[in-house]
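okay, here's the prediction I keep looking at, along with the sequence it came from:
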Amino acid sequence: MIQFTGARRFQAALILSIVLLAALCILHISVGTVQLTPAQVIASLLNRPVEPYDRIIVWDLRLPRTLIALASGAMLGLSGAILQFIMRNPLAEPDMTGATSGAVLGAVLWLASASGGTGDPGVLVPWVALLGGLVAGIAIYAASGGPAGGPTRLIMTGLLISIMLRSVTSMVLVIQQQAVGSAIGWLIGSLNGRVWVHWDILWPWAAVTIPLGLMSARWANALQLGDMTVKGLGVPLGRARAWLFFVAIALTAGAVAIVGGIAFLGLIVPHIARRIVGVDARRVFPLSVVLGAALMVLADIIAQTAIHTVTLPVGAVLAIFGAPFFLYLVQRSRA
Amino acid sequence: MTHQEAHQPEKQLALEADELSLSYGGYPIVEGLSLSIEVASVTALVGPNGSGKSTVLKGLARMLPPHRGAVYLDGHVITQMPTREVAQRLAILPQGPRAPEEITVGELVEQGRYPHVGPFRMLEKRDHAAIEYALEQTQLSALRNRPLDSLSGGERQRAWIALALAQEAPLLLLDEPTTFLDVAHQLEILALIRELNRAQGMTFVLVLHDLNQAARYADRMIAMHAGRIVADGAPSEVLSERLLEDVFHVRAHIMTHPVDGTPVCLPYEAI
Amino acid sequence: MSSQLRSPDAPAITSPAPARGRRLWAVTCASAAGILIIGILDLVIGTPRLSPQELWLIVSGGGPGIARVIVLQLRLPRFVLGVLAGAMLALSGALLQGSLRNPLAGPELLGVSAGATVVVAAITILHLSVLLVLIPWLALAGGVIAGIAIILFMRQRHDSTTLLLTGAAMSALLNAAVIVLISYGSQADISLLFLFLVGSLANRTWMDVQLVLPWAIVCIPLALSFSRLLNIMQLGDDVARGLGLSLERQRVFLLLLASALVAAVVAVCGPISFVALLVPQLVRRMLRTSDARMVLPSSALAGALLLTAADLLARQLFAPQELPVGIFTALIGGPALIALLRGTHYRTRDTV
């Protein structure tokens, strides 16, 4: 009986979230310097006859931004959920894997070296950032002792290495000051200027990593138990943890490579998901995907509309709302 | 020695709880509990897990402020007394205490002088004398420079008791002092407690898991169940088949110990 | 005596006490000597390079004008600042690690550094006209607010990991604030700020020393006097309270003190990372004790030594190009700390 209600609840939550997401996307597309009505947006999307100007705005400018917000939010939400499961700590978040700082450093390094150089740095930056994030994540895993390390060491190593990477990033910006302007968007996370080119890089990555993450839910469930219990169940403890960690890194690095160092989303979303559907990863993961997407889109809507003529970086909005939420979370958690 | 308040001259009370209500982590554990501890007695608090015995001990030691009722130490409300003054009259040894890795026995026991010397005053002759005394009573004088973690479980627990003794407090509360020790060390600690009570007149309140140990080494047993006192008296009165059934959910046979005549319970079936 | 207590099964081995005393002496002398040597090197090395005789000449009052200025107005204050900052940072780490009983409690991981940094960053970028003398006070306020928030929220949970993650999140928030601030600044301000964010001792003068000195004079002895309290805190919350310690109050005070030590340094040099975290760990390992009466003063000395040595390296390694010392402490201190902690066995709930 209880299970039945749980499944029902999950389905309801999932459907509602998807509907919410769709609505937010429409809203997101309609928001901007040229305000469109949802009707116009939907019409453009469905290729109904509209003002040609409207179509261009929707298809060339707004839609890519919305899609990128959606995908990156989904990836970060899932990454956060995975990390909270394998770290056995509800306060874990993607930033702590070093993938974020590594990706940001990669982006900054590239911008610093390419600024003033030839070629379009905008296209290559995501690849370098991706590489940076992956390398950082792998380094952290190795430095924390690999499979023998365990969650606690992983967290501590991650935190320490993140500090190091941030120092190096600041250093790079000291040396190459011209890069600062373009780097800011990467440091805090922004959707400005994200167009179809970026989506082309993001969507294959998302299409691979998100399903991988979703499939690993059963292992994530097992890892919630003590080490010995896990082994006793026949789950390859070290490998399972490593696999999930790498999937989380891949998700994070991919998202950050396109939108920059977003914080707090990976922390908040899994919490909300868990509140709604409980502690089963097979439910938390998919819900985190949808909620993550929704939250990112919502944050970007706020980023564009909060202050009249200025678009805030979406990372700033997430930080402003994320931090108090986080503090509230810590307050509520029990020993 | 039976606990018969009505028939004996009024004994001095070391500690008294009056309509005490305690919560832990937001959950109410104990409501309206009253008890009094006489000077120079050894009292054992027993009960199943979750009965609230550790909570009561913490409440008695002012670790947990009550949301109703009060605890009186030597007649004063304990939560209104300056905490250092309380520490000079009452010492507590919590469950499974931990110390930094390389600390020596002497360094540990020295900390027990804090209630008297405070954060800054240098140790004087009487402080060193108190430390010596504590080490002697626990027979650790020869081990004073050994690192704590090189000692056996029993010796380590003795060191913690020495810490409490260095406080020169006449009242000592211990939370499951024997739970993690080998059997020999358990008896060692309990014998030490009984000796200190007999020779120095110290008052002890112990939370004990083992009913037979409680029956053997304590003058008085208080059995708790779901936050309430369900039995209070001499071990021979308290330890009954009825109690074991109602509170501990086991069927047991009660007999007297062939060696020293203390009550012993032999559980044989879970209910 | 009726009870038979078991007699000790082995004869008392050589007590660690004299050995510890010897180690303390060794560490103290080595640190002091090291600081002296680094000091001399600091004054001599650079452009222009001086010979010992020239140095002696300058110290005793004479010497060519330019060299004199360089040594007495640039190199010496930089060295002195390094000594003070190193000592203060190390003590701050030692205080936090002791009071929170956590080897990774450090101002940079608890958000204290970030708190102080964001205040100084705001003052810099927004060109707030604040009296120079007040800046450390404002930085202190920032650091303390961040730290107290952490402590308040830690009331329920007591495990290390949560503490660190909370601090990390707090730092993330404050760092985001810094970045937002940056986006409002002018190009010149921004480059200045990033240099500040890495942490540097470059171009610091006697004015900067003057700013830090009163904080050092008050806070360092105050920190050292808390040795006994720190020792008792090591015994666990319950035992500490049982001994009559007002634990919450002491913790808050220690946090304040640790923040003060950090704030003054951040106000002048920026957030120099890992000194506070690493030095007390190293010292505890070398002395093989957690006794604060030994660890605190040794940490101060070792911190002074390490920071000035790092600064000398930073100055000279790629001469004539100078690196900020913060990059050194980050790149060397980080891996050192990770390596150091590799040996630690983590008592987590799962390993039973």
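That came through, no problem. Residues are numbered from 1 along each chain as shown, chains lettered A, B, ... in the order given.

quick one, what contacts residue 216?
Picked chain A for this. A:82, A:243-244, A:247 (C-beta atoms under 8 Å, 6 or more residues apart in numbering or on different chains). Quick note: C-beta positions are derived from backbone N, CA and C, even for glycine.

looking at chain C here, not the other one
Contacts of C:Ala216 by C-beta under 8 Å, 6+ apart are C:84, C:87-88, C:264.

residues near B:Ala270, how many?
Applying other C-beta atoms under 10 Å in any protein chain shown, we find 8 residues neighbouring B:Ala270.

just the contacts of A:Ser216 now: which is nearest chain B?
Checking the contacts of A:Ser216 against chain B by C-beta to the nearest C-beta gives A:Ile82 as the nearest, at 29.4 Å.

can you give me the neighbour number for A:Ala222?
18.

grab the nearest non-local neighbour of it.
Residue nearest to A:Ala222 in three dimensions, not counting chain neighbours: A:Val235, with 4.5 Å by C-beta to C-beta, 6 or more residues apart in numbering or on different chains.

my guess is the one you found meets A:Gln224, correct?
No: taking contacts as C-beta atoms under 8 Å, A:Val235 lies outside contact range of A:Gln224: 11.0 Å.

between these two, who's got more neighbours?
Neighbour totals were compared for A:Val235 and A:Gln224, and A:Val235 leads with 18 against 15 (other C-beta under 10 Å).

does that one belong to a helix, a strand or coil?
Put simply, A:Val235 is coil when judged by DSSP: H, G, I helix; E, B strand; the rest coil.

how many neighbours does the residue of chain B found nearest chain A have?
Taking C-beta to the nearest C-beta as the measure, chain B has B:Gly25 as its residue closest to chain A, at 6.3 Å. For B:Gly25, the count of nearby residues is 8 (other C-beta under 10 Å).

quick one: it from chain C, how far?
Distance of B:Gly25 to chain C, computed by C-beta to the nearest C-beta, to the nearest Å: 8 Å.

same thing with B:Tyr72?
For B:Tyr72 relative to chain C (C-beta to the nearest C-beta), the value is 18 Å.

doesn't that residue lie inside a strand?
Yes: counting by three-state DSSP, B:Tyr72 is part of a strand.

which SSE is the residue nearest the centre of chain A in?
Using C-alpha atoms, centre = their mean, the residue of chain A that lies closest to the mean C-alpha position is A:Leu76, 2.1 Å off. A:Leu76 belongs to helix A:63-86 when assigned by DSSP states H and E.

and the helix or strand following that helix, what does it pack onto?
As assigned by DSSP H and E, the chain's next helix or strand after helix A:63-86 is helix A:99-114. In this structure, helix A:99-114 makes packing contacts with helix A:121-143, helix A:151-175, helix A:180-188, helix A:237-259, judged by 3 or more C-beta pairs under 8 Å, 6 or more residues apart in numbering or on different chains; DSSP states H and E.

could I get the buried residue list for the last one?
Judged by neighbour count (16 or more other C-beta atoms under 10 Å in any protein chain shown), helix A:237-259 contains these buried residues: A:237, A:240-242, A:244-259.

for B:Thr55, what are its contacts?
Applying C-beta under 8 Å, 6+ apart, we find B:Thr55 in contact with B:22, B:24, B:29-30, B:64, B:227.

so what's A:Ile249 up against?
Per C-beta under 8 Å, 6+ apart, neighbours of A:Ile249: A:79, A:97, A:99, A:133-134, A:137-138.

looking at the residues you listed, which gets the smallest pLDDT?
Lowest pLDDT of the contacts of A:Ile249: A:Thr97, 78.

burial of that one, as a residue count?
Neighbours around A:Thr97, by other C-beta under 10 Å: 34.

and what of C:Leu224?
There are 16 residues near C:Leu224, going by other C-beta under 10 Å.

so how far is C:Val212 from it?
When distance is defined by C-beta to C-beta, to the nearest Å, C:Leu224 is 17 Å away from C:Val212.

same check, this time on B:Asp219
Separation of B:Asp219 from C:Val212 (C-beta to C-beta): 63 Å.

same deal with A:Ala207?
55 Å.

buried residues in stretch B:201-221?
In stretch B:201-221, counting by 16+ other C-beta under 10 Å, buried: B:202-208, B:210-221.

low pLDDT regions in chain B?
Along chain B, the model assigns pLDDT under 70 to residues B:1-10.

quick check: residues of it near chain A?
B:Gly25 (C-beta under 8 Å from any C-beta of the partner chain).

which parts of chain B are helices?
Assigned by DSSP state H, chain B shows helices spanning B:53-60, B:83-89, B:105-110, B:114-117, B:125-137, B:153-166, B:183-200, B:211-217, B:235-238, B:241-246.

can I get the last one as CSV, trimmed to CA atoms?
Translated: helix B:241-246. Taking C-alpha atoms only, helix B:241-246 is exported to CSV below (Å, rounded to 0.1, in the frame of the first residue of the first chain):
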residue,chain,number,x,y,z
GLU,B,241,10.7,-11.3,37.6
ARG,B,242,7.8,-8.9,37.2
LEU,B,243,10.2,-6.0,36.5
LEU,B,244,12.1,-8.0,33.9
GLU,B,245,8.9,-9.0,32.2
ASP,B,246,7.3,-5.5,32.2
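
quick one: contacts for the residue nearest to A:Ala222?
A:219, A:222-223.

can you redo those as TSV with distance to C:Val119, pLDDT and secondary structure?
Below are the contacts of A:Val235 laid out as TSV (distance: C-beta to C-beta, whole Å; pLDDT from 0 to 100; DSSP: H, G, I helix; E, B strand; the rest coil):
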residue	distance to C:Val119	pLDDT	secondary structure
A:Trp219	45	88	helix
A:Ala222	46	86	helix
A:Leu223	41	86	coil
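
hey, where'd the helices end up in the stretch 1-150 of chain C?
Ranges of helices within the stretch 1-150 of chain C are C:16-44, C:52-59, C:65-69, C:76-100, C:112-125, C:135-153, based on DSSP state H, counting those that start in this stretch.

the fifth one vs helix C:76-100, what angle?
Which is helix C:112-125. Per axes from the mean of the first three to the mean of the last three C-alpha atoms, to 10 degrees, the angle that helix C:112-125 makes with helix C:76-100 is 140 degrees.

could you name the helices and strands sitting against helix C:112-125?
Where contact means 3+ C-beta pairs under 8 Å, 6+ apart, helix C:112-125 is packed against helix C:135-153, helix C:160-182, helix C:187-198, helix C:247-269.

now the angle from it to helix A:151-175?
20 degrees.

now do stretch A:268-284: distance to the chain's middle.
Taking the mean of its C-alpha atoms, stretch A:268-284 sits 16 Å from the chain's own mean (C-alpha atoms, centre = their mean, to the nearest Å).

ok, stretch A:70-78 next?
4 Å.

give me the residues contacting that stretch.
By C-beta under 8 Å, 6+ apart, the residues outside stretch A:70-78 that reach it are A:21, A:25, A:94, A:199, A:202-203, A:206, A:209-210, A:213-214, A:251-252, A:254-255, A:258-259, A:262, A:265-266, A:269-270, A:273, A:285, A:288-297.

buried residues, it. List them.
Buried residues in stretch A:70-78, defined by neighbour count with 16+ other C-beta under 10 Å: A:70-78.

thinking again about what came up before, and which of the contacts of A:Ile249 is nearest to chain C?
A:Thr97 (11.7 Å).

so which residue is dead centre in chain C?
C:Leu89 (1.5 Å).

confidence score at it?
For C:Leu89, the pLDDT comes out at 96.

now do C:Leu72
Looking at C:Leu72, its pLDDT stands at 84.

just list the residues touching it, thanks.
C:Ile58.

okay, it and C:Gly65: tell me how far apart.
11 Å.

ditto for C:Leu307
Taking C-beta to C-beta as the measure, C:Leu307 and C:Gly65 are separated by 30 Å.

returning to that earlier point: neighbour-wise, which of A:Ala207 and C:Val212 wins?
Higher neighbour count among A:Ala207 and C:Val212: C:Val212, with 21 against 10, using other C-beta under 10 Å.
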